[in-house]
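Chemist: Quick check, what structure comes out for this input:
(chains A, B, C and D)
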Amino acid sequence: MTRTVVPFGPQHPVLAEPIQLELTLEDEVVVDAIPGLGYVHRGIEAEAERRPYDEDLPLLERVCGICSVAHAVAYAQAVEVLAGVEIPRRARLLRTFWFELTRVHSHLLWLGLAGDAIGFEALFQSCWRVREDVLDLFTATAGNRVIIGVTALGGCRRDIPDTLQPTIRAGLDAVERGLAGIAPFVLGSEAVARRLAGVGVIPRNVALDLGLVGPTARASGVAMDVRRSGYAAHDELPVEPVVETGGDALARTVVRWREIGESMRLCREALDRLHRLPGPLATRVPPVLHGEAISRVEAPRGELFYYVLADGEPHPTRVRVRTPTFANLAAVLSMLPGTQMANVPVALLSIDPCLSCTER
Amino acid sequence: MSLPGLPNLLALAALVAATALAPLSVGLLLGVDRRVTAAMQLRAGPPILQPWYDLTKLATKTSLPVDRLAASLLVAHVVLAAGAVALVLAGGDLIAAVLVMGAARVLFILAAGAVESPYAQLGASRELILLLISEPLLLLVAIAYGGVAGSFSAAAVAAAQAPVLTLPTLGLTLGVLLAIALRKSPFDLATSHHAHQELVKGSTTEMAGFWLALAEVGHWYETAFVLVLIALASLAAPLVGIGLVAATYTVAIVADNTLPRATWRSALWIGWGIGGTAAVIALVTGRLFGAGGL
Amino acid sequence: MRGPRALWQAWVRRSRTKSPWIVHFDCGGCNGCDIEILDTLMPRFSAERFGVINVGDPRQGDILLVTGPANLRNAAVLRSVYDQMAEPKAVVAVGSCAAHGGVFRGAPNILGGVGELVPVDVFVPGCPPTPERILEGVIAALPLLAEPRTARQATGGPSPMSIVMLEPREEEVVRVPAS
Amino acid sequence: MSRLPDCTTVSPEGLLDAVGALRHDDWRLVTASCVPHRAGWMVLYHFERGERLQHLRIEVPAGGSAPSIGAHYGAAFLVENEMAELQGLPVSGLAIDYRGRLYRDFDGPEGWVHGPRGEAISALEAAGLTRLDACVPVVDGREVRAGTTRVPEPPEPSTNGHGAAGEAGGRP
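Modeler: Residues are numbered from 1 along each chain as shown, chains lettered A, B, ... in the order given. Next comes the predicted model:
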């Protein structure tokens, strides 16, 4: 039995982001994994405590370039609780639209990377090709491809006028055509299923013990979805959690794939309700706040948690961000021992890790 | 193939030229391969000459210091691999050529394992598994050729007319070998042009610049070796041969673009299951219907 | 008619500028630029038509694409990755953060732009820059790959300190509305 | 002034029992938030069950420490290490202790580098690059290197901002 210590990272091409995993291998089987973090830690929480409430918004949007809408909405909600304001219905619907579109783009991005991790380059390329259509929708509605900055404290900064609706619907149709095109290579493919099945298994009780969130938890049979708490427009657009019981990389793929469809439906319903809906875009939020507030949203990777403490200063006293990957990192550590080295990227990617989120 | 009518010196010059040109034509093939793959993924691909550009660039980069043992092993690897190709081109013994190629690959594995990086060492041990898949298959192919021609000399094989049943099965085995030589699969062994792999570049992780170019040339010779073996079977019937290569290549590239790549475990089964069975069928039919018993 | 030596040199220069292998390094950014870099390899932008390959191994790379503000722990890794690359090589700083720290400038664990650590040849502005701009940045760095840095200096070619700053396009200029 | 609903204040000594009771009732640990507060710390532990939230609050005076809740929630070690490193809260009984080296290679605010380029570079060279080897988290009594695979060599001292490493090309 030869023991090798393989340093996985910090600069490893499987992930675009730096993380280090010290993998101890016995032959080709991982027996131990220890994470080394800190390569993308910026100190955003500390920096947010030095900037005014409204200037924190662009900063916190850049906690993560993929799910920036989730961070913006979560932070704005916390501030709105502190201020005790209700945001207009139009803003809630708009937030839901962009949020769910973010989920579509994030899941497609992940699916592509997962395809890449199993050496299926064509799937990688196809998923990202469809994702381009989603990014086009962001460009059409917000003017930027990735970090779109549409959220404001108390509502939204941008509107989707009714004249733009046909364009957006055509775009959504294009995305759905693209999705139908790649469907045979995702869930329809026996070879893909065989490559993913049984990799990185997390049983339901372990998922509960570790406090996993998001698609990772749902794939292990835990029916949790923060959207059920009815934030943004989810009080009028309810969501049922997509649950699978396999607990492996395949189940996580299935969950995310089905969530893409669910999010497309939510986008369309939000658009329907926005049509001819009068009303302002935002409510005014006072610059000085008191108290403490908690806000949770269902980011593409799972529950995103914000705690904001205000002490009557023009800037928050404390902004605490608990990102989904921070919670799910424990899953990686529990699933890697016993995994074949060849499956390490698949197992690691199956939780959809986002390190710029994790370390802030 | 030997050229009996010409003076020996001229024949030698022709042999050297052919051996030198062999990897260059493989580079061209790889260029086409990258274009076709890109087209299948709806991308614009690189120029056809891209592998040559890559090789020239690598060879002329400022060399980083490299382990002396690894360096000499790499040089020996290329020399032996070229020798194996030359041996077949000269009409020599196929079995000997296969063994020389095997030795060349072993030298490469030693070169990869000679450095301290765990990625290179793991890559080397997987490269060894790949060798264990392909080397027996190559031997089987050589023996099947021997059955067809009644002799192991490449010249005799080129002259012999292979039976109808033998060619497709041999083609299948050689197709599997080609997929391995092009490093299409298995993915986790791949020193392919694919960055997203858990061993980074596996066996070539620690090689750079000129030394990486050397490894690349050796790798092109391996591919050339398989191509020359394919050509041997088809000299008597060129159209069949070209058709076979095109068909196996198409299958390989379609599979590459519609399926995830195999891990080394599944590659072992697929390689031996398909390639081995086909080779054995070819061996038996070649023996039964070929030019004469051994 | 040029001699074989000149022909060979022309071929080498051509090869070097037509085969940029990319090493992507995230020095603490938010993922936005990193995903856009990967996006350049996708069908819409098809970076491979310029010979671009995304290699994971710095020893085999030609162009270092750095994103993100320089994070204090990652700074040492960045320097090490840069040192491992063989000449000729070039550095492209992608995004506002890599240029000067961007929105994170002044954050506790941030040093500033990556220019503090490695000699940057091209700055690509944007938060994040679009894939087109990133490709433009890579193409702007290609002439630098024709010769090693020392040779460039000796012959008076582009020097290591000559920085190409891509000008923002009209549509990329953000005008802050007077509130 | 809004305060958190469902928030119970307990003493640091009584924390483990309170957490154990919640664990027994299948509450999920969401996270913990640490706020420097009156020369000490205020720590909130957030729990969730069936879309309901509940919080435990402890106040740790200066010089005191918070007990690790890793016995009840194994995954808490990350957030506890984070609180220890970023807010300076001493956490006792950590199962995996990064010794304040989870994110940074510097101690506290005085090690944070600000200021113009030259100073930052020299500070990094003086402290960061050379001290990277010193960041050794301890796991189960064993020291684990958090450095890089290819151990970064301290760069050559340079006269300008761009270091001699630029010309050297290869590794030293």
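Chemist: Now do the phi/psi pair for A:Val297.
Modeler: A:Val297 adopts backbone torsions of phi -130, psi 160, taken as degrees, to the nearest 10.
Chemist: Please enumerate the helices of chain D.
Modeler: D:15-24, D:77-82, D:117-123, D:130-131, D:165-168 (DSSP state H).
Chemist: per-domain residue ranges of chain D.
Modeler: Domain assignment for chain D, taken from automatic domain parsing, gives D:1-97, D:105-162.
Chemist: what about A:Arg3, distance to chain B?
Modeler: Here the distance between A:Arg3 and chain B works out to 11 Å (Cβ to the nearest Cβ, to the nearest Å). Where you see a C-beta, it was placed from the backbone N, CA and C, and this is true even at glycine.
Chemist: show me the contacts for that residue.
Modeler: By Cβ atoms under 8 Å, 6 or more residues apart in numbering or on different chains, the contact set of A:Arg3 is A:24-26, A:31.
Chemist: from those, which ones fall inside strands?
Modeler: Members of those lying in strands (criterion: DSSP state E): A:24-26, A:31.
Chemist: one step back: dump the contacts of A:Arg3 to a markdown table, plus distance to chain D.
Modeler: Conversion of the contacts of A:Arg3 to a markdown table gives the following (distance: Cβ to the nearest Cβ, whole Å):
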| residue | distance to chain D |
| --- | --- |
| A:Thr24 | 11 |
| A:Leu25 | 14 |
| A:Glu26 | 17 |
| A:Val31 | 14 |
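Chemist: Just the closest of those residues to chain C, please.
Modeler: Each of these was checked against chain C using Cβ to the nearest Cβ; the closest is A:Leu25, at 18.9 Å.
Chemist: Could you check what's spatially nearest to the closest one, not counting adjacent residues?
Modeler: A:Thr4 (4.6 Å; Cβ to Cβ, 6 or more residues apart in numbering or on different chains).
Chemist: tell me which element that neighbour falls in.
Modeler: Using DSSP states H and E, A:Thr4 sits within strand A:3-8.
Chemist: Could you tell me how far that strand lies from the centre of the chain?
Modeler: 30 Å (Cα atoms, centre = their mean, to the nearest Å).
Chemist: Show me the strands paired with that strand, marking each as parallel or antiparallel.
Modeler: strand A:20-26 (antiparallel) (DSSP bridges).
Chemist: Could you give me the buried positions within the strand it pairs with?
Modeler: By neighbour count on 16 or more other Cβ atoms under 10 Å in any protein chain shown, the buried set for strand A:20-26 is A:20-25.
Chemist: Using PDB, write out the CA atom coordinates for that strand.
Modeler: Provided in PDB are the C-alpha atoms of strand A:20-26 (Å, rounded to 0.1, in the frame of the first residue of the first chain):
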ATOM      1  CA  GLN A  20      -6.100  23.600  -1.800                       C
ATOM      2  CA  LEU A  21      -7.000  20.100  -0.900                       C
ATOM      3  CA  GLU A  22      -4.300  18.000   0.700                       C
ATOM      4  CA  LEU A  23      -5.400  14.500  -0.500                       C
ATOM      5  CA  THR A  24      -3.800  11.500   1.000                       C
ATOM      6  CA  LEU A  25      -4.000   8.600  -1.400                       C
ATOM      7  CA  GLU A  26      -3.600   4.900  -0.800                       C
END
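Chemist: residues in chain C within reach of chain D, list them.
Modeler: Within reach of chain D by Cβ under 8 Å from any Cβ of the partner chain, chain C has these residues: C:72-73, C:75-77, C:79-80, C:82-84, C:86-87, C:106, C:108-109, C:111-112, C:115-119, C:148-150, C:160-161.
Chemist: Emit the ChimeraX select command for whichever of those are buried.
Modeler: Selection of buried members from those for ChimeraX, criterion 16+ other Cβ under 10 Å:
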select /C:72,73,75,76,77,79,80,82,83,84,86,87,108,109,111,112,115,116,117,118,119,148,149,160
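Chemist: Next step: the residues of chain C next to chain D restricted to helices.
Modeler: Short answer: those in helices (DSSP H) are C:72-73, C:75-77, C:79-80, C:82-84, C:149-150.
Chemist: Out of these, which are close to chain A?
Modeler: Answer for these near chain A (Cβ under 8 Å from any Cβ): C:73, C:77.
Chemist: mind putting the ones in helices among the residues of chain C next to chain D in JSON lines, pLDDT and distance to A:Ala70 included?
Modeler: Formatted as JSON lines, these follow (pLDDT from 0 to 100; distance: Cβ to Cβ, whole Å):
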{"residue": "C:Leu72", "pLDDT": "73", "distance to A:Ala70": "27"}
{"residue": "C:Arg73", "pLDDT": "74", "distance to A:Ala70": "26"}
{"residue": "C:Ala75", "pLDDT": "77", "distance to A:Ala70": "29"}
{"residue": "C:Ala76", "pLDDT": "74", "distance to A:Ala70": "32"}
{"residue": "C:Val77", "pLDDT": "78", "distance to A:Ala70": "29"}
{"residue": "C:Arg79", "pLDDT": "77", "distance to A:Ala70": "34"}
{"residue": "C:Ser80", "pLDDT": "77", "distance to A:Ala70": "34"}
{"residue": "C:Tyr82", "pLDDT": "83", "distance to A:Ala70": "34"}
{"residue": "C:Asp83", "pLDDT": "79", "distance to A:Ala70": "38"}
{"residue": "C:Gln84", "pLDDT": "80", "distance to A:Ala70": "36"}
{"residue": "C:Arg149", "pLDDT": "68", "distance to A:Ala70": "43"}
{"residue": "C:Thr150", "pLDDT": "65", "distance to A:Ala70": "48"}
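Chemist: Let me know the closest of the ones in helices among the residues of chain C next to chain D to chain A.
Modeler: C:Arg73 (4.6 Å).
Chemist: Tell me the spacing between that closest one and chain B.
Modeler: 21 Å.
Chemist: picking up where we left off before, pipe the ones in strands among the contacts of A:Arg3 into TSV and attach pLDDT and distance to B:Asp93 per row.
Modeler: Below are the ones in strands among the contacts of A:Arg3 laid out as TSV (pLDDT from 0 to 100; distance: Cβ to Cβ, whole Å):
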residue	pLDDT	distance to B:Asp93
A:Thr24	78	47
A:Leu25	77	42
A:Glu26	77	43
A:Val31	79	47
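Chemist: Can you tell me which of those residues is closest to chain B?
Modeler: A:Leu25 (7.9 Å).
Chemist: what sits against that closest one?
Modeler: Contacts of A:Leu25 (Cβ under 8 Å, 6+ apart): A:3-6, A:31, A:341, B:122.
Chemist: do that again at 10 Å, thanks
Modeler: A:2-6, A:31-32, A:340-341, A:344, B:118, B:122 (Cβ atoms under 10 Å, 6 or more residues apart in numbering or on different chains).
Chemist: now A:Cys127
Modeler: A:107-116, A:120, A:178-179, A:182, A:185-186, C:42.
Chemist: same thing with B:Gly218?
Modeler: With Cβ under 10 Å, 6+ apart, B:Gly218 has these contacts: B:23, B:74-82, B:104-105, B:107-108, B:111.
Chemist: Show the buried residues in those.
Modeler: B:23, B:74, B:76-78, B:80-82, B:104-105, B:107-108, B:111.
Chemist: want to try CSV for those residues, with pLDDT, distance to chain A and secondary structure as columns?
Modeler: Compiled in CSV, the buried ones among the contacts of B:Gly218 are given as follows (pLDDT from 0 to 100; distance: Cβ to the nearest Cβ, whole Å; DSSP: H, G, I helix; E, B strand; the rest coil):
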residue, pLDDT, distance to chain A, secondary structure
B:Pro23, 84, 25, helix
B:Leu74, 86, 23, helix
B:Ala76, 91, 27, helix
B:His77, 89, 24, helix
B:Val78, 90, 27, helix
B:Leu80, 91, 28, helix
B:Ala81, 90, 26, helix
B:Ala82, 90, 30, helix
B:Ala104, 90, 26, helix
B:Arg105, 87, 21, helix
B:Leu107, 89, 22, helix
B:Phe108, 86, 21, helix
B:Ala111, 83, 19, helix
